[in-house]
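Novice: What follows is a protein structure lacking sequence information:
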DNA sequence: TCCCCGCCTGATGTGCACAACGATTTGTCA
DNA sequence: TGACAAATCGTTGTGCACATCAGGCGGGGA
């Protein structure tokens, strides 16, 4: 793994490793029930078990892995019944982003959003479940800047990465209409842009909230088959 | 420190140490800016630095302590301007407890609540800021059972312990009318009991939400002097 | 042939010694 | 006497060796 950690403090390195592992888990590079070796990861990131264990402990706090003494560290399986509570909480908290410390975006933000919309449009013609998830993560991170409430942002980020695997698992199993998913997502982004240009952050939050809720319903409908 | 850890698994021991340190910080046994020694704590709890560092790392995640390489681990100071966002989020999330997976209490719960109300009544005649905070923690833990949404409970617990020190700091500095605080708290508990007996969990949540909001306003008014 | 007991392997958890780092103190020079 | 620099001390961060534990494998006895 090439790091190029020029001038970064040690804590930032830990955060980078954490984010990298979280990404791999949520993109199913490490699928559910996969085993993570502390020694192997330590070797890959050029460190020892001690700092790696700290990162894994945090991932365990977030519910993405589970360590068992004498057995191993395993990626948790994304079970929709267990994550339903987290998903519903995420729906409500997303609605709060319009109330708690909303941030009116600048032109840089709007340009970035336009780029994301362009990527979403290309997704319809040549999109894979994985590339779509990567785009969704970038959109999430961008829209997170619309609230300045730091505790809310942290909780939302946590819930996002806890629940996001559900979609990708179902998509890979071809239990979702991908074209429909892509189209709905593009439509959501365009609606958000319109709301943003009118400065209505409350509307932006409600649009996101509605789409997260509907996305969960689509996931649930498929898993009921 | 007497532990009496008969039959407990190792992870439970870690959780117990974490809860104990969190309690000490929030009761100001470790006041803001106090230094925590990894070696001293390890000796007190009969373990070594390695597991203790894991506990301290979690406390750092929760924002209760801060570790600086080569300097030490210090209790963060409870600053009302920094915690305002957390407090407002806590207000909104408390309101959600009536919507997300509410749990209708059984008679055991109501009896426990009655005991807490009795303690609150005694508090008015012979209460200290510290004993009041201990009661408040017990009440919080009890009322947390009114929602079965586990992610919501975890977030609420986190926000509670992040923000609770604010009250105790102001109370010790005699910047709060303690008799008024005790009376309001007793009144809140009685209102909650009435709402519970009528089975209106939404009302219970709104009562709590209102009192947390008002409590924060009283804290802010005093700190503005 | 089947079952049970014990060993063996590989993993996480722990303890300890050392490295890295920052604040303070002390010594030296102008 | 004052100011700057180097050393010293205490603390957190890291690496490694060992302890602990769970599961699998194999051998022996009924």
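Specialist: On my side now, so go ahead. All values reported here derive from a predicted model rather than from experimental measurement.
Novice: Please make it C-alpha for all contacts and neighbour counts, starting now.
Specialist: OK.
Novice: Pull out the buried positions in the longest helix along chain A.
Specialist: As assigned by DSSP state H, the longest helix anywhere in chain A is helix A:201-223. Buried residues in helix A:201-223, defined by neighbour count with 16 or more other Cα atoms under 10 Å in any protein chain shown: A:201-210, A:212-213, A:215-216, A:218-219.
Novice: list the helices and strands it packs on?
Specialist: Helices and strands touching helix A:201-223, by 3 or more Cα pairs under 8 Å, 6 or more residues apart in numbering or on different chains; DSSP states H and E, are helix A:80-96, helix A:165-172, helix A:178-197.
Novice: domains in chain A, as residue ranges please.
Specialist: Following automatic domain parsing, chain A resolves into domains at A:10-75, A:80-223.
Novice: near DNA strand C, which residues of chain A show up?
Specialist: When proximity is defined as Cα under 7 Å from any atom of the strand, chain A approaches DNA strand C at A:36-39, A:50, A:53, A:67-73.
Novice: which of the residues you listed tops the neighbour count?
Specialist: Comparing the residues of chain A next to DNA strand C by number of neighbours (other Cα atoms under 10 Å in any protein chain shown), residue A:73 comes first, having 20 neighbours.
Novice: What residues does chain A have near chain B?
Specialist: Within chain A, the positions near chain B by Cα under 8 Å from any Cα of the partner chain are A:54, A:85, A:86, A:88, A:89, A:100, A:149, A:150, A:151, A:152, A:155.
Novice: if we can go back for a sec, narrow the residues of chain A next to DNA strand C to those in strands?
Specialist: Under the assignment DSSP state E, the residues of chain A next to DNA strand C contribute A:36, A:67, A:68, A:72, A:73 to strands.
Novice: need the residues of chain A next to DNA strand C in JSON lines with pLDDT, can you?
Specialist: Shown next, in JSON lines, are the residues of chain A next to DNA strand C (pLDDT from 0 to 100):
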{"residue": "A:36", "pLDDT": "98"}
{"residue": "A:37", "pLDDT": "98"}
{"residue": "A:38", "pLDDT": "98"}
{"residue": "A:39", "pLDDT": "98"}
{"residue": "A:50", "pLDDT": "98"}
{"residue": "A:53", "pLDDT": "98"}
{"residue": "A:67", "pLDDT": "98"}
{"residue": "A:68", "pLDDT": "97"}
{"residue": "A:69", "pLDDT": "97"}
{"residue": "A:70", "pLDDT": "96"}
{"residue": "A:71", "pLDDT": "97"}
{"residue": "A:72", "pLDDT": "98"}
{"residue": "A:73", "pLDDT": "98"}
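Novice: These: which two are farthest apart?
Specialist: With Cα to Cα as the measure, no two of these lie farther apart than A:50 and A:71, at 17.9 Å.
Novice: Low-confidence bits of chain A, can you list those?
Specialist: Within chain A, the segments meeting pLDDT under 70 span A:1-8, A:222-225.
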